[in-house]
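K.L.:
here is a sequence together with a model predicted from it:
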Amino acid sequence: MNTDILKWIVLLGSAPFWLPFARALWEELNEAMRPDGGVFGKTPGPLERKQIEQEMEREPPRVVHETLAHHRMRRARGESDTGTAEVPHPGAPRPRGGPQAGGSRRPFVRRTR
């Protein structure tokens, strides 16, 4: 059986999933290279380049660091960054130690034959 036809069918069939991503990636790359004329555009002159750089400075930043945003929200609510551990009630069963806690470790024993 010829697998080339199957590859093309899968590629074209999955286009609704990867095509929007590829288009957004292309637009982002072209936008990032705007001061140099884009990917395939002509190089702008000094005045055009200065105008493009001024436009880029007025635009809001595109990259958002979610961890920092989450940190600011927690600070605004008055929560600490350290987190809180839950204390089990007295009748609760003890948690079993896993490999991270070292509770189930056994000393190394060399096997001899």
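P.N.:
Nice, thanks for sending it over. Numbers count the residues shown, from 1 in each chain.
K.L.:
and the helices in the protein?
P.N.:
Secondary structure of the chain by DSSP state H: the helices cover 3-13, 15-32, 46-58, 66-77.
K.L.:
among those, which is nearest Arg110?
P.N.:
Closest of the helices of the chain to Arg110 is helix 66-77, at 45.7 Å (criterion: Cβ to Cβ). Any C-beta I mention is one placed from the backbone N, CA and C, and that applies to glycine too.
K.L.:
with adjacent residues omitted, what lies nearest to Leu29?
P.N.:
Spatially, and ignoring its direct neighbours in sequence, Leu29 is nearest to Val39 (6.3 Å; Cβ to Cβ, 6 or more residues apart in numbering).
K.L.:
low-confidence stretches in the protein?
P.N.:
1, 64-72, 78-89, 92-109, 113 (pLDDT under 70).
K.L.:
90 instead, please
P.N.:
By pLDDT under 90, the weakly predicted segments of the chain are 1-3, 28, 31-42, 53, 56-57, 59-113.
K.L.:
contact partners for Arg34?
P.N.:
52, 56 (Cβ atoms under 8 Å, 6 or more residues apart in numbering).
K.L.:
phi, psi for the residue nearest to Leu29 please.
P.N.:
phi -70, psi -50 (degrees, to the nearest 10).
K.L.:
in CSV: the helices of the chain, plus distance to Pro90 and mean neighbour count.
P.N.:
Below are these laid out as CSV (distance: least, Cβ to Cβ, whole Å; neighbours: other Cβ atoms under 10 Å):
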stretch, distance to Pro90, mean neighbour count
helix 3-13, 59, 9
helix 15-32, 53, 10
helix 46-58, 61, 11
helix 66-77, 31, 10
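K.L.:
I appreciate the help and will end here.
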